[in-house]
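**Q** dropping the sequence and predicted coords here.
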Amino acid sequence: DSRNAMKKLKSDKIVRLSHLILNHMNQDEDVEFFADPQAIRADIIHLISEEMKVDEAIDALVRRKIESQKRTIVEGSDEWDVVYRKYFEEEAARHRKVMP
């Protein structure tokens, strides 16, 4: 549900994800590293953090868009969730560099 869509990842979880991603890439025979693994992991952390910032900006934009509706849509209602998802997907398509 969209009420939980914008939970932030804590830095320790982002670091853990970076390790998992790097380990997965390391097990793939088709992946060859041309940089230090720690530098690659730092780039992964940066990329995740930047995507989270984009999500936060999109969330704020979508919330303003919903609030500007002529008719009040109550946050937490099924209608709000549907409208939020629709607007979020539209804005994400416009603003994202990396798509899920």
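**A** Yes, it's here.
**Q** how far does the strand or helix carrying residue 64 sit from the chain's center?
**A** Per DSSP states H and E, residue 64 falls inside helix 37-67. Averaging C-alpha positions (C-alpha atoms, centre = their mean, to the nearest Å) puts helix 37-67 5 Å from its chain's average.
**Q** can you point out the buried residues in the host helix or strand of residue 81?
**A** Residue 81 is part of helix 78-95 when elements are defined by DSSP H and E. Under the neighbour-count criterion of 16 or more other C-beta atoms under 10 Å, helix 78-95 has 80, 81, 83, 84, 87, 88, 91 buried. C-beta here means a position set from N, CA and C on the backbone, and glycine is covered the same way.
**Q** out of the residues you listed, who's nearest residue 34?
**A** For those, the minimum distance to residue 34 (C-beta to C-beta) is 34.9 Å, reached by residue 91.
**Q** any idea how far residue 48 lies from residue 26?
**A** Separation of residue 48 from residue 26 (C-beta to C-beta, to the nearest Å): 18 Å.
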